[in-house]
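Engineer: everything below, folded, please.
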Amino acid sequence: MLDRVSSSESAPELPGRVSVAEDVAWEKVDGLVVMLTLSSEHYYRLDETATRMWEVLDECADVSSAFEQLHAEYEVEPATLREDLGVFIARLGDAGVLVVEPADS
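Structural biologist: Coordinates of the predicted model:
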């Protein structure tokens, strides 16, 4: 689902919170998350890593907590994880799958 962002692009800032949009139905099928946006009838299937990001975002109260949990689970540099998680959230937000709330300033 995710393509790595080129080094010329800046990683998006992590938002404060995310939630699944009201018109999105999702479930795990064979260990992977599949989603359907009911209003547009767009279908999405996440790969294994994106599925884990989705699950952790769904379980945690905020994106910062999700970042910390994912960092504890994966052997990845914090900057790489921040970039990947930020891009994941931004793309699903742009697609209308996630409602993204900015971090408190």
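Engineer: in a helix, residue 85, correct?
Structural biologist: Yes. Using DSSP: H, G, I helix; E, B strand; the rest coil, the assignment for residue 85 is a helix.
Engineer: can you give me the pLDDT of it?
Structural biologist: For residue 85, the pLDDT comes out at 96.
Engineer: number of residues surrounding it?
Structural biologist: If you count neighbours by other CB atoms under 10 Å, residue 85 ends up with 22. Quick note: C-beta positions are derived from backbone N, CA and C, even for glycine.
Engineer: same deal with residue 77?
Structural biologist: For residue 77, the neighbour count with other CB under 10 Å is 10.
Engineer: ok, now how distant is it from residue 83?
Structural biologist: Per CB to CB, to the nearest Å, residue 77 is found 9 Å from residue 83.
Engineer: and what of residue 64?
Structural biologist: From residue 64 over to residue 83 the distance is 15 Å, taken as CB to CB.
Engineer: quick check: which element contains the closest residue to residue 56 other than its chain neighbours?
Structural biologist: Computed as CB to CB, 6 or more residues apart in numbering, the closest residue to residue 56 that is not its neighbour in sequence is residue 66, at 4.7 Å. Element membership for residue 66, per DSSP states H and E: helix 63-73.
Engineer: show me what that helix is packed against.
Structural biologist: helix 48-59, helix 78-94 (3 or more CB pairs under 8 Å, 6 or more residues apart in numbering; DSSP states H and E).
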